[in-house]
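Enquirer: Take this sequence and fold it.
(chains A, B, C, D, E, F and G)
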Amino acid sequence: MMADKLNVTPLHDRVIVKPAPAEEKTSSGLIIPDTAKEKPQRGTVVAAGPGKKDEPVTVKEGDTVLYGKYAGTEIQIDGNDYLIMRESDILAIV
Amino acid sequence: MMADKLNVTPLHDRVIVKPAPAEEKTSSGLIIPDTAKEKPQRGTVVAAGPGKKDEPVTVKEGDTVLYGKYAGTEIQIDGNDYLIMRESDILAIV
Amino acid sequence: MMADKLNVTPLHDRVIVKPAPAEEKTSSGLIIPDTAKEKPQRGTVVAAGPGKKDEPVTVKEGDTVLYGKYAGTEIQIDGNDYLIMRESDILAIV
Amino acid sequence: MMADKLNVTPLHDRVIVKPAPAEEKTSSGLIIPDTAKEKPQRGTVVAAGPGKKDEPVTVKEGDTVLYGKYAGTEIQIDGNDYLIMRESDILAIV
Amino acid sequence: MMADKLNVTPLHDRVIVKPAPAEEKTSSGLIIPDTAKEKPQRGTVVAAGPGKKDEPVTVKEGDTVLYGKYAGTEIQIDGNDYLIMRESDILAIV
Amino acid sequence: MMADKLNVTPLHDRVIVKPAPAEEKTSSGLIIPDTAKEKPQRGTVVAAGPGKKDEPVTVKEGDTVLYGKYAGTEIQIDGNDYLIMRESDILAIV
Amino acid sequence: MMADKLNVTPLHDRVIVKPAPAEEKTSSGLIIPDTAKEKPQRGTVVAAGPGKKDEPVTVKEGDTVLYGKYAGTEIQIDGNDYLIMRESDILAIV
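Expert: The predicted structure follows:
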């Protein structure tokens, strides 16, 4: 689960996340609940913006994060699907 | 009713809560009202974020808390169900 | 109309109120209007949170208060019904 | 049109108003328009809260005030009907 | 088109306006558009509140003003119809 | 495309705009898209308010501006149609 | 993919973007996902406003940007289609 290096700079407090495949299981044993199988709620941060004034972004490239099921906008880079979301859509670092 | 130790760090003012089984009764005699039986409104804090700027989180790991019936997002870790919510969704410490 | 002593600590600006029985009449002669008979709008504060930053809570344990008909969330402790609400849902002290 | 003395303390910026009878006419000749006959829009302040931080309440006990037709919550004290509203619901002093 | 002298004090940033008759034409030739004929959008300020903290009211008694078609609340004083509105509902002085 | 001189003073951050005829073409070749033909999105500023506290208005009399299709309120002066809108409804100066 | 030089000055934090043709592929291999084919989500900044007070705009003329599928208002200049949007509608620079 390496973070991809992207040539994309998110603006302000936005973060680009590579969603994890739906069946995967982390070392801490985290499993996505059944009702979320179609669309994973876990992913890896591949790029993070500089944050807003006086509020730098907390997550960094490589962090595995949990996010709400409907968070973000889908974009596709080099044939891979990513989500671009605000950091406030990220729930936790796992 | 021990708090589980999780390898998850909530962001900002988010808190991870392990919901109590619906029928349980605390030492202070608190009972969940009938209309809430399907989904408990009481649980134990298992992880709390650092809070927002100038507003550290008040609850801490191990606290038994009351929260609104529709508070939080369900996540599953090691086969257990948790809720991740903002601290403002927590009503009281019991 | 004694305030019950509860083993519950409301968070922030939340207040726990024990609703008065619907037919009761206070010493100042306050009567709940007919349209509100099913659900009393008067009660006794049994626990109050510490307030928000720079805004301590005004009501205190034992105060008889008026509150909006749909204010608060019902909780049950030791077989009694309480309401937990924000202080801003309280209209007046009687 | 004397202000009643009530044993009720409104919280924050709330004000208790005794609505004037619908047909009444003030010394300045103010008449409630026809479409508002069922529910008067004029009344006398009988109690005012201390105001919000840095914003003391402007109206005082005894002021005759105009307020929006749907302003406030009805309460009944000693058999009389009152309205409890925020000061921002009061339009003018007459 | 003289401003009436009213014995009413608007609160905060509220303004009392006497609507102009629908067919009237000002010296600058302003005409109310057809779709607004039933309810004039022009009137004369007859009373203005003191404004909000650090924001005194700009209009003054006697100003002819334009306002949105649905601005304000109708009140009747001495048999005349007035509108009481916030200054922010006033578009321009003509 | 001369700006008309109006005897109207917009309040605060409001601006009066004379909409351009729908078919017109500016020197920079700007054409209104087909879907906006019925209601032009371009016009000339004929009067601008003083702005809000610490935020003077940017546009000035004579500027040709682009604005959203549903921006502003229609008014009629001397038989001509104008729009009165907030400066924030103006998209660009052309 | 040269940025056009436009004779249009966006106000405040607005930005004019020339949308990229739907099938194009950038040097970094970014492809618009299938569901967005009708309306590209990538474009080139052709003009940027000065920003809001204390918040200068981050993007500059010539930047290739990603933006939400429904961002902005369509305008047509010299026969070309552009979008004018707030900078907050821009997700990332690619």
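
Enquirer: Residue in chain A with the shortest distance to chain C?
Expert: residue A:54 (17.6 Å; CB to the nearest CB). C-beta: built from backbone N, CA, C; applies to glycine.

Enquirer: Distance check, that residue against chain E.
Expert: 25 Å (CB to the nearest CB, to the nearest Å).

Enquirer: From residue E:71, how far out is the residue lying closest to that residue once chain neighbours are set aside?
Expert: The spatial neighbour of residue A:54 that comes closest, neighbours along the chain excluded (CB to CB, 6 or more residues apart in numbering or on different chains), is residue B:53 at 7.7 Å. Counting by CB to CB, to the nearest Å, the separation of residue B:53 from residue E:71 is 40 Å.

Enquirer: immediately after the worst-scoring helix or strand of chain A on mean pLDDT, which helix or strand?
Expert: Least confident helix or strand of chain A, by mean pLDDT, DSSP states H and E, is strand A:30-31 with a mean of 58. The helix or strand immediately downstream of strand A:30-31 is strand A:42-48, counting by DSSP states H and E.

Enquirer: In the sheet, which strands lie alongside that following strand, parallel or antiparallel?
Expert: Counting by DSSP bridges, the strands paired with strand A:42-48 are strand A:14-19 (antiparallel), strand A:64-67 (antiparallel).

Enquirer: and these as TSV, adding mean neighbour count, distance to residue B:11 and mean pLDDT?
Expert: Below are those laid out as TSV (neighbours: other CB atoms under 10 Å in any protein chain shown; distance: least, CB to CB, whole Å; pLDDT from 0 to 100):
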stretch	mean neighbour count	distance to residue B:11	mean pLDDT
strand A:14-19	25	11	95
strand A:64-67	24	8	94
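
Enquirer: Same list as before, those that is, but in TSV and with distance to residue E:81 included.
Expert: Output for the strands paired with strand A:42-48, formatted as TSV (distance: least, CB to CB, whole Å):
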stretch	distance to residue E:81
strand A:14-19	53
strand A:64-67	56
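
Enquirer: Beta-bridge partners for residue A:42, please?
Expert: residue A:66.

Enquirer: Pull the number of nearby residues for it.
Expert: Number of residues near residue A:42 (other CB atoms under 10 Å in any protein chain shown) recorded here: 24.

Enquirer: Please apply the same query to residue A:61.
Expert: Other residues near residue A:61 number 15, with proximity taken as other CB under 10 Å.

Enquirer: That one: what's it in contact with?
Expert: Residue A:61 is in contact with A:3, A:45, A:46, A:47, A:48, counting by CB atoms under 8 Å, 6 or more residues apart in numbering or on different chains.

Enquirer: Tell me the most packed of those residues, by neighbour count.
Expert: Counting by other CB under 10 Å, top hit in the contacts of residue A:61: residue A:46 with 24 neighbours.

Enquirer: from memory that residue sits against residue A:18, does it?
Expert: Yes. With contacts counted by CB atoms under 8 Å, residue A:46 reaches residue A:18, the gap being 5.2 Å.

Enquirer: For the residue nearest the centre of chain A, which non-adjacent residue is closest in space?
Expert: By CA atoms, centre = their mean, chain A has its centre lying nearest to residue A:17, at 2.8 Å. The shortest distance from residue A:17 to any non-neighbouring residue, by CB to CB, 6+ apart, is to residue A:43 (4.0 Å).

Enquirer: gap between the one you found and chain B?
Expert: According to CB to the nearest CB, residue A:43 stands 14 Å off from chain B.

Enquirer: who's in contact with that residue?
Expert: Contacts for residue A:43 were tallied using CB under 8 Å, 6+ apart; they are A:17, A:18, A:19, A:20, A:64, A:65, A:67, A:83.

Enquirer: try it again with 10 Å
Expert: Contact partners of residue A:43, counting by CB atoms under 10 Å, 6 or more residues apart in numbering or on different chains, are A:1, A:3, A:15-21, A:63-67, A:71-72, A:82-83, A:85, A:90.

Enquirer: Point out where chain A drops to low pLDDT.
Expert: Scanning chain A for pLDDT under 70 picks out A:1-5, A:22-40.

Enquirer: Pull up the gap between the residue of it found nearest chain E and residue A:12, please.
Expert: Residue nearest to chain E within chain A (CB to the nearest CB): residue A:53, separated by 24.2 Å. Residue A:53 sits 9 Å away from residue A:12, going by CB to CB.

Enquirer: what residues are up against the residue nearest to residue A:60 when sequence neighbours are not counted?
Expert: Distances taken as CB to CB, 6+ apart place residue A:48 nearest to residue A:60, at 6.2 Å, with adjacent residues excluded. Taking CB under 10 Å, 6+ apart, we find residue A:48 in contact with A:9-10, A:13-17, A:56-61, A:63, A:87, A:90.

Enquirer: Equivalent analysis for residue A:9, please.
Expert: For residue A:9, the contact set (CB under 10 Å, 6+ apart) comprises A:16, A:47, A:48, A:49, A:50, G:58, G:63, G:65, G:92, G:93, G:94.

Enquirer: what do you get for residue A:14?
Expert: Residue A:14 neighbours (CB under 10 Å, 6+ apart): A:47-51, A:57, A:72-73, A:84-87, A:89, G:66, G:90-92.

Enquirer: Please report the distance of it from residue G:20.
Expert: Per CB to CB, residue A:14 is found 20 Å from residue G:20.

Enquirer: circling back to that earlier point, neighbour count winner among residue A:53 and residue A:12?
Expert: Just comparing residue A:53 and residue A:12: by other CB under 10 Å the higher neighbour count belongs to residue A:12, 19 against 9.

Enquirer: Phi first, then psi, for the more buried one.
Expert: phi 50, psi -120 (degrees, to the nearest 10).

Enquirer: Likewise for residue A:87?
Expert: The phi/psi pair for residue A:87 (degrees, to the nearest 10) is phi -60, psi -30.

Enquirer: Whichever of the contacts of residue A:14 end up buried, select them in PyMOL.
Expert: To isolate the buried members of these in PyMOL, using 16 or more other CB atoms under 10 Å in any protein chain shown:
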select buried, (chain A and resi 47+48+49+57+72+73+84+85+86+87+89) or (chain G and resi 66+90+91+92)
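
Enquirer: Spatially, and excluding backbone neighbours, which residue is closest to residue A:49.
Expert: Nearest to residue A:49 is residue A:10, by CB to CB, 6+ apart, at 3.9 Å.

Enquirer: check contacts around the one you found.
Expert: Per CB under 10 Å, 6+ apart, neighbours of residue A:10: A:16, A:46-50, A:57, A:84-87, G:66, G:90-93.
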